[in-house]
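>>> Next comes the sequence, and after it the predicted model I'd like to discuss.
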Amino acid sequence: GFEIERRIGAGAYQKIAFVDSKAPGGNGAEFSYSFEDNTVLPKGVSYYRLRQVDFDGRASYSEIKAVRTGNGAIILSVYPNPSRGTINVAIPDGVGTFDVSVDDFTGKSVQRFSGITSRNMQLNNLNPGMYMLRVSIRATGEIITERITVQ
């Protein structure tokens, strides 16, 4: 079966539920599972993972997923939009380190920035056209996307 584990903020993972396997004899066939965490969580980021426990007692962990509660999605401030080649991007406090990519509408990356911790940045020398600004928050895996127009 599957243990559902949750970590709130920087705390330790705790088992919050167990979901029995639907596979008779553990045959490896695909099945659909679900679990709803109805716990009222504090504002901030909580992390979830599955611990799959086999019949022989061996266990393996899933990929970790982050959920932001209370304060909703991260909102970027992108201005001016449309612009004349220079865009200002303001990131809210408390998001930690993030990566930024500016892609044209063919999907080609035209500017990339890695390991940013500054709350304000400026994108310069953008040619006229439409772009997608992607900000990836490293701590939570969240990706915020904004459309940018340059005149």
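It's in.
>>> Send me stretch 1-9 as CSV with only the CA atoms.
The C-alpha trace of stretch 1-9 is given here as CSV (Å, rounded to 0.1, in the frame of the first residue of the first chain):
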residue,chain,number,x,y,z
GLY,A,1,0.0,0.0,0.0
PHE,A,2,0.9,3.7,0.2
GLU,A,3,1.7,5.8,3.2
ILE,A,4,0.9,9.5,2.6
GLU,A,5,3.4,11.7,4.4
ARG,A,6,3.3,15.4,4.9
ARG,A,7,5.9,18.0,6.0
ILE,A,8,4.8,21.4,7.0
GLY,A,9,7.4,24.1,6.3
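>>> Identify the residues contacting that stretch?
Contact with stretch 1-9 is made by 13-21, 33, 35, 37, 39, 41-42, 44-53, as judged by CB atoms under 8 Å, 6 or more residues apart in numbering. For the C-beta atoms, the positions are set from N, CA and C on the backbone; glycine is no exception.
>>> Just the ones of these in strands?
Residues of these located in strands (DSSP state E): 14-19, 44-53.
>>> what separates Ser109 from Thr149, distance-wise?
Shown here: Ser109 relative to Thr149, a distance of 18 Å by CB to CB, to the nearest Å.
>>> Can you list the low-confidence ranges for the protein?
25-29, 43, 68-73 (pLDDT under 70).
>>> Show me where it has its strands.
Taking DSSP E as the test, the strands found in the chain are 2-8, 14-19, 44-53, 59-61, 65-69, 77-79, 87-90, 98-104, 109-116, 120-123, 129-137, 143-150.
>>> can you put those strands in CSV and add mean neighbour count?
Shown next, in CSV, are these (neighbours: other CB atoms under 10 Å):
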stretch, mean neighbour count
strand 2-8, 17
strand 14-19, 12
strand 44-53, 17
strand 59-61, 11
strand 65-69, 14
strand 77-79, 13
strand 87-90, 18
strand 98-104, 18
strand 109-116, 13
strand 120-123, 13
strand 129-137, 17
strand 143-150, 15
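>>> Excluding covalently adjacent residues, which one is nearest to Ser114?
What sits nearest to Ser114 in space, not counting adjacent residues and going by CB to CB, 6 or more residues apart in numbering, is Asp99, at 5.0 Å.
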